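Undergrad: Have a look at this prediction, sequence included:
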Amino acid sequence: MLVGNPNRTRFLRFSEGSSKAGAKGFPWEGDAVGMRSLAVRAPRWEAEVVRRRLLEAGLLEGTLRVAAEGDSIVFPVRGPPVGLAVIEADFEPAVRTPRSYRDVCLVPEALRELLPTAFDQIGDIVLLKLPEPLVPHAAEVGRAILEVQARARVVCLDSGVKGAFRVREVRVVAGEARTVTEHREHGLRLKVDVGRAYYSPRLGTERLRVARLVRPGEAVVDLFAGVGPLALLVARLAPRARVHAVDANPEAFRLLEENIRLNRAGNVTAVLSDAGAFLAGEPRFDRIAMDLPRGAHAFLPAALRSVRVGGVVHYYEILELAGRERREAAIAAEGDRLGVKATVTEVRQVHAYSATQGMFAVDIRVG
């Protein structure tokens, strides 16, 4: 068989005899005998050529582990390849890395199609949403996720955001019994308690977009700050901006203060307050972020009154996909009622919420 450099003639020659792939010098240790198989031995410098030929011929035995033996590589084969000498050798079984937790999850076959194809991970905590038939199997699903997710240590069943503080209702179903973790986002260190304060990793790209718009010297308020990801990112990218991070949840406020210290964000002021009360008592701002998709509309009039001329409100709402234009018209009408010019400069879908709804970011310039 001609292999290697096509510009020179060289034939592979294989010695006869058996090889025990499992002795010292191989990729594994110990003298345990694995499975015996037909094999082909190739010098290391020609091993890749031989491997490709075996693959193309469908003869490489994928259930056994390729072995190293001195200056040679030993390939398990399913049958004799044409033009290559065949030996017998002992091999260890191949270690198969599952491609997905679904490959190792032991749930009734009738429920397998209901297994989620994606989930959120915050730090080393996986947030798992399950359809009702799978809830009794939550512990098994969690076990499977921990088996394949190298950076996961906890799996929590997520029953959705509840209450005025938007706190997730979670229950640990696998791993360590905790809901506190540290998450990294755009270089920030964020202490998060997934069961006591709201944080969503899905908004990371949107937070970066907003933070990049902030100019030096701006006065910025993150009106529903949670643990502070947007406020801290603004502080990092615009260190001469003055940032207020406001939240009414005492647990979120505690973590917000800790995250300010962790990230040495001296230009961020944490405020424990209701959004309406804060806006009523503060001077005007250049930029206000309102990430409260199910309730920000109640505070929009106060926000429009609190923005300086030329300033921007970043407003978020869950809308029907067909209802964007109506919302734009309603915002302009609200501005007219307040005696300010509210111009929608951009509307973008941040992510899908359901088949007919999406979470939208609406940028409003006040003139």
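TA: That came through, no problem. The structure presented is a predicted model; accordingly, all values stated were derived computationally and were not measured.

Undergrad: Please work out how many residues are found near residue 132.
TA: 7 (other CB atoms under 10 Å). In this view, the C-beta of every residue, glycine as well, is placed from N, C-alpha and C.

Undergrad: Apologies, that question was intended for residue 329.
TA: 11.

Undergrad: list the contacts for residue 105?
TA: By CB atoms under 8 Å, 6 or more residues apart in numbering, the residues touching residue 105 are 112, 115, 140, 141, 144.

Undergrad: so which of these is the most crowded?
TA: The member of those that has the most neighbours, counting by other CB under 10 Å, is residue 141 with 27 neighbours.

Undergrad: What distance do you get for the closest residue to that one other than its chain neighbours to residue 189?
TA: Counting by CB to CB, 6 or more residues apart in numbering, residue 105 is the residue found nearest to residue 141 once chain neighbours are left out, at 5.8 Å. Look at residue 105 and residue 189: by CB to CB, to the nearest Å, they are 32 Å apart.

Undergrad: picking up where we left off before, relative to residue 134, how far out is the residue nearest to residue 141?
TA: In terms of CB to CB, residue 105 sits 10 Å off from residue 134.

Undergrad: Common neighbours of the two, please.
TA: 115, 141.

Undergrad: of the contacts of residue 105, closest to residue 292?
TA: For the contacts of residue 105, the residue nearest residue 292 by CB to CB is residue 141; the value is 30.9 Å.

Undergrad: looking at this, that closest one is in a helix?
TA: Yes: using DSSP: H, G, I helix; E, B strand; the rest coil, the assignment for residue 141 is a helix.

Undergrad: Next, the contact list for it, please.
TA: With CB under 8 Å, 6+ apart, residue 141 has these contacts: 101, 105, 107, 115, 128, 130, 134, 155, 173, 174.

Undergrad: Could you verify my assumption that the last one touches residue 147?
TA: It refers to residue 174. No: counting by CB atoms under 8 Å, residue 174 stays clear of residue 147, with 9.6 Å between them.

Undergrad: For the helix or strand hosting residue 205, buried residues please.
TA: Under the criterion of DSSP states H and E, residue 205 resides in helix 204-213. Within helix 204-213, the residues scored as buried using 16 or more other CB atoms under 10 Å are 204, 206, 207, 209, 210, 211.

Undergrad: do the same with stretch 341-358
TA: Buried-residue list, stretch 341-358, by 16+ other CB under 10 Å: 342, 344, 347, 350, 353, 358.

Undergrad: Might one say that residue 223 is in contact with residue 289?
TA: Yes: counting by CB under 8 Å, residue 223 does reach residue 289; the two are 6.3 Å apart.

Undergrad: got the contact list for the top helix by length along the chain?
TA: Ranked by number of residues, the top helix in the chain under DSSP state H is helix 324-338. Residues outside helix 324-338 that contact it (CB under 8 Å, 6+ apart): 300-301, 304-305, 315, 317, 319, 341-344, 347, 360, 362, 364, 366.

Undergrad: go again using 6 Å as the cut-off
TA: Outside helix 324-338, the residues that touch it by CB atoms under 6 Å, 6 or more residues apart in numbering are 301, 304, 319, 341, 342, 344, 347.

Undergrad: What separation do you get for the fifth one and residue 297?
TA: Spelled out, that is residue 342. 13 Å.

Undergrad: ditto for the second one
TA: Between residue 304 and residue 297 the computed distance is 12 Å (CB to CB).

Undergrad: hey, where'd the strands end up in the stretch 201-350 of the chain?
TA: Applying DSSP state E, counting those that start in this stretch to the stretch 201-350 of the chain gives strands spanning 219-222, 242-247, 268-272, 285-290, 307-320, 342-352.

Undergrad: quick one: which of those is nearest residue 196?
TA: strand 242-247 (12.0 Å).

Undergrad: can you state the direction angle for the closest one and strand 285-290?
TA: Computed by axes from the mean of the first three to the mean of the last three CA atoms, to 10 degrees, the angle separating strand 242-247 from strand 285-290 equals 30 degrees.

Undergrad: For strand 242-247, C-alpha coordinates in CSV please.
TA: Presented in CSV, the C-alpha positions along strand 242-247 are these (Å, rounded to 0.1, in the frame of the first residue of the first chain):
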residue,chain,number,x,y,z
ARG,A,242,-22.9,58.3,37.5
VAL,A,243,-25.0,55.2,38.0
HIS,A,244,-27.9,54.5,40.4
ALA,A,245,-29.0,50.9,40.8
VAL,A,246,-32.5,50.7,42.3
ASP,A,247,-34.4,47.6,43.5
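
Undergrad: Quickly run through the sheet partners of that strand, with directions.
TA: strand 219-222 (parallel), strand 268-272 (parallel) (DSSP bridges).

Undergrad: Stretch 65-76: which residues count as buried?
TA: 65, 66, 67, 69, 72, 73, 74, 75, 76.

Undergrad: coming back round to it: neighbour count winner among residue 304 and residue 297?
TA: residue 304 (24 against 16).

Undergrad: what's residue 347 in contact with, if anything?
TA: So residue 347 contacts 324, 360, 362 (CB under 6 Å, 6+ apart).

Undergrad: repeat that with 7 Å
TA: By CB atoms under 7 Å, 6 or more residues apart in numbering, the contact set of residue 347 is 324, 328, 360, 362.

Undergrad: Contact partners for the third one?
TA: Pointing back at residue 360 there. 316, 317, 319, 324, 347, 348, 349, 350.

Undergrad: Just give me the least confident of those residues.
TA: Sorting the contacts of residue 360 by pLDDT puts residue 324 at the bottom of the list (83).

Undergrad: neighbours around it, how many?
TA: Residue 324, neighbours per other CB under 10 Å, totals 17.
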